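[1] what follows is a predicted structure for the sequence shown.
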Amino acid sequence: MSGGLQQLELEMLKEMAETLLVCPSFITEETLKAHVEDNLYYIIGSRVEALQKAAFVLLQFIYANFILPVQHVVTEEDELKQLKADFADILDDLNPKLEEETKEEFKKDVQKAKADVTFKNVSENLVELIDNAPPVISHDQGQDEAELHLQQFVASGDMLEKLVFGESQEGCMNSKLFGYLLAWNAMLAKIEQGRIKVQLSGETAYAHVLASLTEYLETNSPIYEMLLVSLVPFLPVMKKNLQDTYSMELSNFQPEYCELSSPKQSRLLCLHSLINFMKSFPSLARKFYQDCDRQILEITTPYIKQVVSPAIMENEIRKIEMSQLELGQDNELSFVLFKSTKEIVATYNKSSEISVQLKLKIPAEYPLKSVVVDLSEQLKLKATQVRKWSLSIRNLIQSRNGDIISAILLWKSNIDKEMDGVEECFICYCVLHGTDKSLPSMQCKNCKNKFHVGCIRKWFNTSNKSNCPLCQTFFFQ
């Protein structure tokens, strides 16, 4: 009887899932406040295929139509506490003369920062799904341990085969891996749609949420490396005609209609996931494939060159054409697009003060190779100013994760802010941060220069110091 009831409940859940697929309009801004997003990610991890697909469709609907409510708005005080939290482990080495009472207060701030700031606006179930790919890599592991686990996973053919093919038909993924890939694709849709909405609305609080997700991936490479490794077994070794084989089907592919019993459908889902990841995180993808195992590179490179890069290029061209229409002819920024040579020429005219031409050459293997940037001034400008703008656009294009057109628009906004008298960050040479669009707010108490929170955190991480980059005094004095 118990088994019969469970089967009945399962059938009822599947019926509900099919109903939700065709009727997502019940979701409103008010319902989003009730942790709907987190609940949907929980369902994606349920391993019930019909429910996973329904939850995925609803998440896509939410990200396409709403900016999710931000429950916890991050303040400058929160950001300072988070910075302290990041460097609590080396406090004694950095400033051994601090009194014990001060150290205790510092450590209390650390714990509060971790509770109040870290991922408070991000779905816990989403983090759980992307952070624990089959086989599980726990974020509690140290970085070296996680990387070792990843290497062992790549080297273990049996483990990889079991993960991907399960116990049934060869070439078909199991529902656990299916949920993992759905979670990634939903999160990438959240980031992609969110970036557009933030750019149009200027919503800074939601920009911080997206930035926290981006920074989480950038600082925890085994998480996205595991995604990219998990896709490899679905890609047969092929060198030619990949674009003819997959491009048309991929343009119409939707994960919610993927048949798990079909090896070809599983392959399309993996390529779809690869395109979405490389579209949203080109610099992370470039970093991974520059350092990855040669066998992985040999298998994936033909797919990236013939399938992924053309799809990303098509997406970039579409966004540039849309921007041309939105900006109009009288705007200060204009674009000329040369499709055959994959070149973009952007011209920025600010009354009679500035005229700058930006030339971008997109390589055929983008994003495996970086965009080539050339900046030339049409009116006489100071050499230091031209150098600074050149460094900022190269940083935005080559190091920032996101699409090319957004980087150009952000670069233009940086120049506007600078002309209005706002000082840039002395680390990235930009006024607006490349990810969260924030202004420099972390001020050194000694030299009074300001930096973006994300930039100063990255500086501390790479230098293993908590000193000001300019005057070298202890930043938290």
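    Okay, I see it. Since the model is a prediction, treat every value here as computed from it, not as a measurement.
[2] which stretches of the stretch 151-300 of the chain have low pLDDT?
    For the stretch 151-300 of the chain, the stretches with pLDDT under 70 are 151-172, 200-202.
[3] which strands and helices sit next to the helix or strand containing Leu40?
    Element membership for Leu40, per DSSP states H and E: helix 36-44. Helices and strands touching helix 36-44, by 3 or more Cβ pairs under 8 Å, 6 or more residues apart in numbering; DSSP states H and E, are helix 49-65, helix 124-131, helix 175-201. Any C-beta I mention is one placed from the backbone N, CA and C, and that applies to glycine too.
[4] let me have those in CSV, adding mean neighbour count and distance to Leu439 as columns.
    Below are those laid out as CSV (neighbours: other Cβ atoms under 10 Å; distance: least, Cβ to Cβ, whole Å):
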stretch, mean neighbour count, distance to Leu439
helix 49-65, 21, 27
helix 124-131, 19, 28
helix 175-201, 20, 15
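[5] let me have those helices in a markdown table, extended by distance to Ser406.
    Shown next, in a markdown table, are these (distance: least, Cβ to Cβ, whole Å):
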| stretch | distance to Ser406 |
| --- | --- |
| helix 49-65 | 17 |
| helix 124-131 | 23 |
| helix 175-201 | 6 |
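[6] which one of these lies closest to Leu333?
    Closest to Leu333 of the helices and strands packed on helix 36-44, according to Cβ to Cβ: helix 175-201, at 13.5 Å.
[7] elements contacting the closest one?
    Packing partners of helix 175-201 (3+ Cβ pairs under 8 Å, 6+ apart): helix 36-44, helix 49-65, helix 124-131, helix 204-219, helix 221-231, helix 263-280, helix 404-419.
[8] what's the shortest one in contact with?
    Which is helix 124-131. Identification of contacts with helix 124-131 by Cβ atoms under 8 Å, 6 or more residues apart in numbering yields 37-39, 41-42, 44-45, 119, 137-139, 179-180, 183-184, 186-187, 216, 223, 227.
[9] repeat for the fourth one
    With contact meaning Cβ under 8 Å, 6+ apart, helix 204-219 is reached by 67-68, 70, 73-74, 119, 121-122, 127, 187, 190-191, 194-195, 197-198, 223-224, 281, 284, 401, 433, 435-438, 454, 457, 461.
[10] again with the first one
    If you take Cβ under 8 Å, 6+ apart as the criterion, helix 36-44 is touched by 27, 51-52, 54-56, 58-59, 62, 68, 123-126, 128-129, 179, 182-183, 186.
[11] try 10 Å
    Contact with helix 36-44 is made by 13, 17, 20, 27-28, 35, 51-59, 62-63, 66, 68-69, 122-130, 178-183, 185-187, 190, as judged by Cβ atoms under 10 Å, 6 or more residues apart in numbering.
[12] for stretch 362-374, buried residues please.
    Across stretch 362-374, burial judged by 16 or more other Cβ atoms under 10 Å covers 362, 366-368, 370-371, 373.
[13] mind putting the residues you listed into TSV with distance to Thr473?
    As requested, these are exported to TSV (distance: Cβ to Cβ, whole Å):
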residue	distance to Thr473
Ile362	43
Tyr366	41
Pro367	39
Leu368	41
Ser370	35
Val371	37
Val373	34
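[14] filter these down to the ones in strands?
    Assigned to strands by DSSP state E, the following of the buried residues of stretch 362-374 qualify: Val373.
[15] how far off centre is stretch 304-318?
    Its chain's average C-alpha position is 18 Å from that of stretch 304-318, according to Cα atoms, centre = their mean, to the nearest Å.
[16] can I get that stretch as PDB, trimmed to CA atoms?
    Extracted in PDB, the C-alpha atoms of stretch 304-318 (Å, rounded to 0.1, in the frame of the first residue of the first chain):
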ATOM      1  CA  ILE A 304      34.700  25.200 -29.700                       C
ATOM      2  CA  LYS A 305      36.100  26.300 -33.100                       C
ATOM      3  CA  GLN A 306      33.300  25.000 -35.300                       C
ATOM      4  CA  VAL A 307      30.200  25.100 -33.000                       C
ATOM      5  CA  VAL A 308      30.700  27.200 -29.800                       C
ATOM      6  CA  SER A 309      32.600  30.200 -31.300                       C
ATOM      7  CA  PRO A 310      30.100  30.700 -34.200                       C
ATOM      8  CA  ALA A 311      27.200  30.600 -31.800                       C
ATOM      9  CA  ILE A 312      28.800  33.100 -29.500                       C
ATOM     10  CA  MET A 313      29.700  35.300 -32.400                       C
ATOM     11  CA  GLU A 314      26.100  35.200 -33.600                       C
ATOM     12  CA  ASN A 315      24.900  36.200 -30.200                       C
ATOM     13  CA  GLU A 316      27.400  39.100 -30.000                       C
ATOM     14  CA  ILE A 317      26.400  40.400 -33.500                       C
ATOM     15  CA  ARG A 318      22.800  40.300 -32.500                       C
END
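[17] buried members of the contacts of helix 124-131 into ChimeraX, please.
    To isolate the buried ones among the contacts of helix 124-131 in ChimeraX, judged by 16+ other Cβ under 10 Å, type:
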select :37,41,42,44,45,137,179,180,183,184,186,187,216,223,227
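[18] quick check: the residue nearest to the spatial centre of the chain vs Cys428, distance?
    In the chain, the centroid-proximal residue (Cα atoms, centre = their mean) is Thr214; its distance is 4.3 Å. Separation of Thr214 from Cys428 (Cβ to Cβ, to the nearest Å): 15 Å.
[19] domain boundaries for this protein, per the record?
    2-72+123-316, 76-114, 328-440 (automatic domain parsing).
[20] what's the closest of those domains to Phe476?
    Per Cβ to Cβ, nearest to Phe476 of the domains of the chain: domain 76-114, 6.2 Å.
[21] and Tyr206, how far from Gln71?
    11 Å.
[22] sorry, slip of the keys, the one I care about is Leu268.
    36 Å.
[23] when these two are compared, which one has more neighbours?
    Between Leu268 and Gln71, Leu268 has the larger neighbour count (other Cβ atoms under 10 Å), namely 21 against 11.
[24] check contacts around that one.
    Going by Cβ under 10 Å, 6+ apart, the list of residues near Leu268 reads 234, 246, 249-250, 252-255, 258-259, 262.
[25] need the max-distance pair from those residues.
    So for the contacts of Leu268, where distance means Cβ to Cβ, the most widely separated pair is Phe234 and Asn252, at 18.8 Å.
[26] between those two, which is the more surrounded one?
    Phe234 (22 against 8).
[27] what is the neighbour count of the residue lying closest to that one once chain neighbours are set aside?
    Once flanking residues are discounted, Phe234 sits nearest to Cys270: 4.3 Å by Cβ to Cβ, 6 or more residues apart in numbering. Neighbour count of Cys270, defined by other Cβ under 10 Å: 22.
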